[in-house]
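Trainee: Need coordinates for the below:
(one chain, ligands or ions: 1)
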Amino acid sequence: MFITFEGIEGSGKSTQLRRVAATLPDAIVTKEPGGPPIAERIRAILLDSASALDPTAEMFLFAASRRQNVVEVIRPALVRGAVVLCDRFTDATLAYQGFGRLLDLDRLRTLNAWATDSLTPDLTLLFDLSEETGITRARSRNAGASTDEGRFEAEDLRFHRRVREGYLSLATSEPKRFAVVDGNGSEDEVFARVGEVLRERGVLR
Ligand code: TYD
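Mentor: Sure, this is the predicted structure:
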């Protein structure tokens, strides 16, 4: 079973992923961009706000990182029958590079299929909340950790609005695969919603 966690910055998806992982001790946890060591090196280039990355070059780096993660981590785990939890996957490319950066969606779909040998998640949890709330949360988290904004967090609200709307339209076009989870409220409130979805889908009993 392959479950992906998606949403805009500050949507709470990574926190919720950790909480789900705590209830599924045998699950394999990974993230994008990143995962295996080569993909982590690609991630460093992608998130460096000092690098003037061309949007198409950026897209290829996401695809390269994803390929490495699928080949080294995700596919072998699924073959063993493990549950795999992945923080962002192909939908992030459609939402950020497609709806956000306005690259051609059909090409991005082709690239995603190429990079993953058409691996599609069984379930995608989309944590939805307004871009204002998300960015405010992400910025206060950065301030607490005294880390700089990444290249994406520095984008303006219009960019994040397009990403959010992009995610929602993906969810509408594949209602069986997606579960949209309201990301507003406390961590516990959101986790209760996640638990409901996971029980409905037979992941948790
Ligand atoms: P990360 O620090 O992992 O942030 P988050 O916790 O929000 O996931 O940074 C990943 C960034 O990369 C995030 O801003 C979304 C972006 N991204 C894309 O633009 N395209 C992609 O295909 C993926 C996987 C991520």
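Trainee: lowest-pLDDT helix or strand in the protein?
Mentor: helix 131-145 (a mean of 89; mean pLDDT, DSSP states H and E).
Trainee: In terms of helices and strands, where is Val190?
Mentor: Assessed by DSSP states H and E, Val190 sits inside helix 187-200.
Trainee: Put the alpha carbons of that helix into CSV.
Mentor: Output of helix 187-200 as CSV, limited to C-alpha atoms (Å, rounded to 0.1, in the frame of the first residue of the first chain):
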residue,chain,number,x,y,z
GLU,A,187,-2.7,18.8,15.3
ASP,A,188,-5.0,16.4,17.3
GLU,A,189,-8.1,17.6,15.4
VAL,A,190,-6.5,17.0,12.1
PHE,A,191,-5.2,13.7,13.2
ALA,A,192,-8.7,12.6,14.1
ARG,A,193,-9.8,13.4,10.6
VAL,A,194,-6.8,11.4,9.2
GLY,A,195,-7.7,8.4,11.4
GLU,A,196,-11.3,8.5,10.0
VAL,A,197,-10.0,8.4,6.4
LEU,A,198,-7.5,5.6,7.2
ARG,A,199,-10.2,3.5,8.8
GLU,A,200,-12.6,4.1,5.9
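Trainee: so what secondary structure elements neighbour that helix?
Mentor: helix 13-23, strand 123-128, strand 178-182 (3 or more Cβ pairs under 8 Å, 6 or more residues apart in numbering; DSSP states H and E). Any C-beta I mention is one placed from the backbone N, CA and C, and that applies to glycine too.
Trainee: Measure how buried Arg139 is and give me the count.
Mentor: Using other Cβ atoms under 10 Å, Arg139 has 14 neighbouring residues.
Trainee: which ones are touching it?
Mentor: Applying Cβ atoms under 8 Å, 6 or more residues apart in numbering to Arg139 gives the contacts 10, 149, 153.
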